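[1] Give the three-dimensional model of this entry:
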Amino acid sequence: MLRLAVPTDAADLADVHVTTWQTAYSEILPDDFLASLDRPRREDWWRGRLEAGARVHVVDEGRVLGFCQPVPAEGSPGWGEILTIYVLPDHWGRGLGRQLLGAAEATLAADGFERALLWVFAANEAARGFYERMGWRRGRPIQLLELGGLDVTEVRYEKDLPTMP
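    Numbering: from 1, shown residues only. Presented below is the predicted three-dimensional model:
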């Protein structure tokens with residue numbers, strides 16, 4: 001079932017977040033960095049965001065299996081952004097990411113955004129393929145992040161959103 005997250009979902013969000021990073025980025029980020037990801041700290045972070053009114057779509061099948069957060073894009077006026085989208089690795093390939101991304105795109109369109117962007121690690125070919133299958137196209141900018149002592153390249157993807165009546 002798709003629904004919006006509530007503060008009591010913070011522990012599940014933290015678990016999905018950390019578990020997915022440790023699996024999806026195992027070939028991209030250093031093992032010691034991934035092992036150091038702190039679930040209790042991430043839980044507190046999510047609880048604070050949700051208590052502050054963050055909208056996060058979740059797939060709930062008795063527990064949260066994935067989430068996606070649409071927001072106004074910082075530094076890109078008039079654009080919405082998919083800030084996060086993660087699904088527990090044991091549930092990849094079931095269409096949960098497609099459901100979450102569709103819900104987030106609809107939310108951004110309902111908020112009046114005509115375009116959306118997201119950032120993805122350049123080396124994350126599985127995610128890039130997923131976004132491309134979902135109609136996203138690579139944008140021009142790239143950015144470098146320092147994570148775990150490594151410089152990691154992110155590429156921007158963009159999509160025109162449907163006009164809401």
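
[2] hang on, isn't Ala54 packed against Phe67?
    No - with contacts defined as CB atoms under 8 Å, Ala54 does not count as touching Phe67, sitting 10.6 Å away. Placement of C-beta: from N, CA and C, glycine included.

[3] In terms of neighbours, single out the busier of the two.
    Summary of the neighbour comparison: Ala54 and Phe67, criterion other CB atoms under 10 Å, with Phe67 having more neighbours (26 against 15).

[4] Secondary structure element for the closest residue to the more buried one other than its chain neighbours, which one?
    Counting by CB to CB, 6 or more residues apart in numbering, Phe67 lies nearest to Val58, which is 4.7 Å off, once chain neighbours are set aside. Val58 is part of strand 57-60, with elements assigned from DSSP states H and E.

[5] on that earlier part again, who touches the residue nearest to Phe67 in this structure?
    Contacts for Val58 (CB atoms under 8 Å, 6 or more residues apart in numbering) come out as Leu2, Arg3, Leu4, Ala5, Asp9, Asp12, Leu13, Val64, Leu65, Gly66, Phe67, Leu100.

[6] Bridged to it, which residues?
    When bridges are taken as DSSP bridges, the partners of Val58 come out as Arg3, Phe67.

[7] Lovely, talk soon.
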